[in-house]
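**Q** Need coordinates for the following:
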Amino acid sequence: MVKSEENSVDRRNFLKIAAGSAAALVASAPRVGAQESSARPSHEQTSEEAKRVDAPATERTTETSADNPYTQGMAAFVSGLHYEQIPQEVIDRIKLLILDSFGCAIYSVDLEWSRILMRTLQQLDSSTSCGVWGTSLRLSAPHAALVNGTLVHGFELDDIHRLGVMHVGAVTLPSLLAVTEIRPGMSGRDFLTAAVAGYEIGPRVGRCMGEEHIGQGWHSAATVGVFSSAAAAAAALRLSKEQTVHALGIAGTQSAGLMAAQYGSMVLRMHTGRSAQSGLYGGLLAANGFTGIVNVFESDYGGFCTTFSRSHDRFNLAELTSGLGTRFETMQVSLKFYSCVSSNHTTLDAIRAIRARRSFSVDEVDHIVVHGSQVTVDHVGWKYRPAGISAAQLNLPFCVATLLLDGNVFVDQFTAQKIVDPVRIALADKVKVVADPDIMARGSEFRQMVRAEVFLKDGAVLTETVETPRGSERSFASKADVVEKFENLAGHVIPAGQVAAIREAVLNLETLPDSSRLAHLLTKQ
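**A** I've put the predicted structure just below:
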């Protein structure tokens, strides 16, 4: 035991030393002139303010590179990032990702859980500083972030970073849009820069924790999502590196989200909203001198990584700053073209491919076996029992049955009637999901890889292997496909003219003089 602990300590020290150079490189990146303006307090101003805060000296913590090189490296990237540093392909991609998230959110406003959340908060909140997308409702900034983040994830339509195992737009954009409304004047270029900061930070935390994080029962979009939200808010508020360290530390201690919510509860939808809200709190509080956990990732006791992994070595701190500023995780975010959890998409693509080669009816099916990772088995391979729409959307056998019966798995396939349909349930019972050692041996990058086998009653066995789903980072959707999905979803709720105005504003964000215009377009007037 002692030897194991010593090895673990040596490994952590090595990672800290290795990250020191990465943090230094990120910290030395040039800043755009506007970010050196009085809008961002200087170190001297921050120190002077600290003297005026009536708090014990032990609560005015400062960070050192020996204690928190990874947290500092991430904070330096967020505070130092400017538009000109971002490759054009990343700018083009994030505009499409933003448009997709807005469509997902606007579609969700009329769903039962969305109405309950909005009605409840309206009873508690008389503030009107920020709008709820797709509605005329206005709430306080934190409550608007909570609702908007919930709306984006409201019907399992939103993006996914597969290796980070998180929905990025749902946790990043609500806090960012809230800042544009309470601090108007942010240009479209600065908006895009802050969005990229959020899209880069959260997925790296997810990669650090690995697929075991969700395997242990944590909803990664919720637990990891707070860091994307805090990063976007910090960048939008133009916080210094030191303030951003605190914003991340404040957000990290609010991290929560249990995967048991997937078995038929409304609260699953709210996980991303809470993360968006927590990150916004992190940015706003840090801007006013409130302190957080400065070594939120590195702390041996009670740190994010050690606590959520229940270990000192089942995570990789180097992932936090690896390639930061040169390799953009934004390009690894996938979009969904099925209205269900992303772990189901490869199987649905496989079934579609099999049927395209040889058409068969539902009556011809004897049984179906889906070979995948253990995470896929645990996450979506359980026996289906009607327990609400979210349970149906997160259950692979039900989604396979739905595809075979309806030819699609999108918003119209999940109704109160269909999720209890005995014919659909009987067909779902013919689908078995099993762990495949060969697939698991390929590592987390192939977590969603499947080999689907359709056994027909005439003895034929039809097989298809799919590594990554349609719309993934390896075969990303075309601009036309993303626009079509946005227009389809948003068109359920708002007029065509408003849909077109949002589309044009997002696709030309870099030209907007004030991004609060976008927040205005997203709400009903």
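
**Q** Look up how far Met166 lies from Ser515.
**A** 24 Å (Cβ to Cβ, to the nearest Å). Just so you know, the C-beta spots here come from the backbone N, C-alpha and C atoms, and that holds for glycine as well.

**Q** Who has more neighbours out of these two?
**A** Met166 (31 against 27; other Cβ atoms under 10 Å).

**Q** quick one: least confident helix or strand in the chain?
**A** helix 43-52 (a mean of 36; mean pLDDT, DSSP states H and E).

**Q** Start from the N-terminal end of this protein and give the strands.
**A** With strands called from DSSP state E, the chain shows them at 130-131, 138-139, 160-161, 333-334, 365-372, 431-435, 450-456, 461-466.

**Q** all helices for the stretch 401-525 of the chain, in order.
**A** 422-428, 437-440, 479-490, 496-507, 516-521 (DSSP state H, counting those that start in this stretch).

**Q** contact partners of the fourth one?
**A** Judged by Cβ atoms under 8 Å, 6 or more residues apart in numbering, the contacts made with helix 496-507 from elsewhere in the structure are 95, 98-99, 102, 483, 486-487, 490-491, 512, 517-518, 521-522, 524.

**Q** out of those residues, which are buried?
**A** Among the contacts of helix 496-507, the ones that count as buried by 16 or more other Cβ atoms under 10 Å are 95, 98-99, 102, 483, 486-487, 490, 512, 517-518, 521-522, 524.

**Q** Need those in CSV (columns: distance to Pro386).
**A** Formatted as CSV, the buried ones among the contacts of helix 496-507 follow (distance: Cβ to Cβ, whole Å):
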residue, distance to Pro386
Lys95, 39
Ile98, 35
Leu99, 34
Phe102, 31
Val483, 35
Phe486, 31
Glu487, 32
Ala490, 30
Leu512, 46
Arg517, 44
Leu518, 40
Leu521, 39
Leu522, 34
Lys524, 34
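
**Q** where's the dip in pLDDT among these?
**A** Lowest pLDDT within the buried ones among the contacts of helix 496-507 is found at Lys524 (93).

**Q** mind checking pLDDT for the residue nearest to that one when sequence neighbours are not counted?
**A** Among residues not flanking Lys524 along the chain, Ser136 sits closest, at 4.3 Å (Cβ to Cβ, 6 or more residues apart in numbering). If you check Ser136, the pLDDT there is 97.

**Q** Next: Arg12.
**A** Looking at Arg12, its pLDDT reads 43.

**Q** and what of the one 4 residues further on?
**A** Predicted confidence (pLDDT) for Lys16: 40.

**Q** Can you read off the pLDDT for the residue lying closest to Met266 once chain neighbours are set aside?
**A** Leaving aside its sequence neighbours, Met266 sits nearest to Trp113 (Cβ to Cβ, 6+ apart; 3.9 Å). pLDDT, Trp113: 95.

**Q** Count the residues that sit near Ser475.
**A** Neighbour tally, Ser475, other Cβ under 10 Å: 11.

**Q** And Asp92, by the same measure?
**A** Other residues near Asp92 number 11, with proximity taken as other Cβ under 10 Å.

**Q** separation between it and Val168?
**A** Applying Cβ to Cβ to Asp92 and Val168 gives a distance of 16 Å.

**Q** for Val196, same thing?
**A** Using Cβ to Cβ, Val196 is found at 11 Å from Val168.

**Q** Surely Val493 touches Ser114?
**A** No - judged on Cβ atoms under 8 Å, Val493 makes no contact with Ser114 at a distance of 10.8 Å.

**Q** Would you mark the buried spots in stretch 308-328?
**A** 308-309, 312-313, 315, 317-322, 324-325, 328.

**Q** Any idea how far apart the tips of it sit?
**A** Start to finish, the residues bounding stretch 308-328 are 25 Å apart (Cα to Cα, to the nearest Å).

**Q** what pLDDT, on average, does it get?
**A** For stretch 308-328, the mean per-residue pLDDT is 97.

**Q** Check the offset of it from the chain's centre.
**A** From the chain centre to the centre of stretch 308-328 is a distance of 17 Å (Cα atoms, centre = their mean, to the nearest Å).

**Q** what's the answer for stretch 342-350, then?
**A** With Cα atoms, centre = their mean, you get 19 Å for stretch 342-350.

**Q** So what touches that stretch?
**A** 160, 162, 334, 336-338, 340, 370, 372, 375-376, 379-380, 394, 396, 399-400, 403, 409, 447-452, 464-471.

**Q** quick one: His213 from Thr223, how far?
**A** Counting by Cβ to Cβ, the separation of His213 from Thr223 is 7 Å.

**Q** and for those two, which residues touch both?
**A** With Cβ under 8 Å, 6+ apart, His213 and Thr223 have common neighbours Phe308.

**Q** from memory Gly325 sits against Phe77, does it?
**A** Yes - counting by Cβ under 8 Å, Phe77 is a contact partner of Gly325 at 5.7 Å.

**Q** show me where pLDDT drops low in the stretch 401-525 of the chain?
**A** The stretch 401-525 of the chain contains no residues with pLDDT under 70.

**Q** repeat that for 90
**A** For the stretch 401-525 of the chain, the stretches flagged by pLDDT under 90 are 443-445, 447-448, 468-470, 472-475, 525.

**Q** same check, this time on the stretch 51-200 of the chain
**A** Scanning the stretch 51-200 of the chain for pLDDT under 90 picks out the ranges 51-66, 156, 162-163, 165.

**Q** How about the contacts made by the spatially most distant residue from the centre of the chain?
**A** In the chain, counting by Cα atoms, centre = their mean, Asp458 sits farthest out from the average C-alpha position, at 44.1 Å. Neighbour list for Asp458: Glu364 [criterion: Cβ under 8 Å, 6+ apart].

**Q** quick one: it from Val423, how far?
**A** Relative to Val423, and taking Cβ to Cβ, Asp458 is found at 21 Å.

**Q** rewinding a little: export the strands of the chain to TSV and append columns for distance to Gly154 and mean neighbour count.
**A** Shown next, in TSV, are the strands of the chain (distance: least, Cβ to Cβ, whole Å; neighbours: other Cβ atoms under 10 Å):
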stretch	distance to Gly154	mean neighbour count
strand 130-131	16	26
strand 138-139	16	21
strand 160-161	15	26
strand 333-334	18	25
strand 365-372	26	20
strand 431-435	26	19
strand 450-456	26	21
strand 461-466	27	16
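
**Q** Could you point out which of these sits nearest Arg358?
**A** strand 461-466 (6.2 Å; Cβ to Cβ).

**Q** Helices of the stretch 101-250 of the chain, start to end?
**A** 112-124, 141-152, 169-182, 188-209, 212-215, 220-223, 225-236, 241-252.

**Q** from the middle of its chain, how far away would the fifth one be?
**A** The reference is to helix 212-215. How far helix 212-215 lies from its chain's middle: 15 Å, per Cα atoms, centre = their mean.

**Q** Could you list every helix and strand that that helix packs against?
**A** Applying 3 or more Cβ pairs under 8 Å, 6 or more residues apart in numbering; DSSP states H and E, we find helix 212-215 packed against helix 220-223, helix 304-309, helix 374-380.

**Q** How about residues contacting that helix?
**A** With contact meaning Cβ under 8 Å, 6+ apart, helix 212-215 is reached by 165, 206, 220, 223-224, 259, 308-309, 314, 374-375, 378-379.

**Q** Please identify, among those, the one with the most neighbours.
**A** When neighbours are counted by other Cβ under 10 Å, Val224 leads the contacts of helix 212-215 with 34 neighbours.

**Q** residue contacts, it?
**A** Per Cβ under 8 Å, 6+ apart, neighbours of Val224: Gly164, Val165, Met166, Gly202, Pro203, Val205, Gly206, Met209, His213, Ser255.

**Q** For the residues you listed, point out the one with the lowest pLDDT.
**A** Val165 (88).

**Q** and it, what are its phi and psi?
**A** Main-chain torsions, Val165, degrees, to the nearest 10: phi 50, psi 60.
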